[in-house]
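Asks: predicted model and sequence follow; I will ask about them next.
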Amino acid sequence: MPEEKFLPWSESCFVCGDANPFGLRIRFVNRGEDVIVRTTVNPHFEGYPGRVHGGVVTALLDETIGWACSVKAHKLLYTVEIKVKFRSPVPGGEEILVRGWCSELHRRFAKGKGQIEDRNGKVMVSAEGVYFPVPEGEEERIIPLMKMPGRPAQPGDY
């Protein structure tokens, strides 16, 4: 099994921010070619009872796929486009696995895919997206604002 390595997070991000009182507070893990998250989404993020809001589901997939592409590219990327296919509801309060991987890496962009599975491995939601590098000079400004366990983030942490 490939080694697992935590990826950086920020304070304010809705998905990973540890100081965002309204966020998910997710920690992304790089495992080989994949970025993974095992989590249980709080039911207060449900739109209808028993269904995590589609925007929250999309945000989870977007961040996971984006990190997978950033890891493969060795630079921070941002979302240009994401397409999501909802196959079945994602229930709040139950453990899920979110997995993303970079499917194509080009000089000017990356494409990635991801999915959310229930605890039995059934794919509930899948997505694919396109990601561009952050503008020149932005990575150097962003990275010191991010965190790793016990220290600030630095280039090479992804």
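Replies: Perfect, thanks for sending it.

Asks: state the helix or strand in which the residue sitting nearest the centre point of the chain lies.
Replies: Closest to where the C-alpha atoms of the chain average out (C-alpha atoms, centre = their mean) is residue 64, at 2.0 Å. Following DSSP states H and E, one finds residue 64 within helix 54-73.

Asks: in that helix, what's buried?
Replies: 56-73 (16 or more other C-beta atoms under 10 Å). Any C-beta I mention is one placed from the backbone N, CA and C, and that applies to glycine too.

Asks: give me the distance between the residue nearest to the centre of the chain and residue 70.
Replies: 11 Å (C-beta to C-beta, to the nearest Å).

Asks: returning to what we had before: for the helix holding residue 64, packing partners?
Replies: On a contact count with 3 or more C-beta pairs under 8 Å, 6 or more residues apart in numbering; DSSP states H and E, helix 54-73 meets strand 29-31, strand 34-40, strand 77-86, strand 95-105, strand 110-117, strand 123-133.

Asks: show the average pLDDT along it.
Replies: The pLDDT scores in helix 54-73 average 98.

Asks: tell me the angle that helix makes with strand 77-86.
Replies: Helix 54-73 and strand 77-86 meet at an angle of 130 degrees, taking axes from the mean of the first three to the mean of the last three C-alpha atoms, to 10 degrees as the criterion.

Asks: how much does helix 54-73 deviate in direction from strand 95-105?
Replies: Between helix 54-73 and strand 95-105, the angle comes out at 50 degrees (the same axes, to 10 degrees).

Asks: where does the prediction get shaky in the protein?
Replies: Low-confidence segments of the chain (pLDDT under 70): none present.

Asks: centroid-wise, who is the farthest residue in it?
Replies: Relative to the chain centroid, the chain (C-alpha atoms, centre = their mean) has residue 49 farthest, 24.1 Å.

Asks: hmm, back to that, and residue 18, which of the helices and strands packed on helix 54-73 is closest to it?
Replies: Taking C-beta to C-beta, strand 34-40 is the member of the helices and strands packed on helix 54-73 nearest to residue 18, at 14.2 Å.

Asks: what lines up beside the closest one in the sheet?
Replies: strand 29-31 (antiparallel), strand 95-105 (antiparallel) (DSSP bridges).

Asks: contacts for the first one next, please.
Replies: Outside of strand 29-31, the residues within contact range by C-beta atoms under 8 Å, 6 or more residues apart in numbering are 1-7, 35-37, 67-68, 71, 158.

Asks: out of the residues you listed, which is nearest to residue 94?
Replies: Once C-beta to C-beta is applied, the member of those that ends up nearest residue 94 is residue 37, at 14.1 Å.
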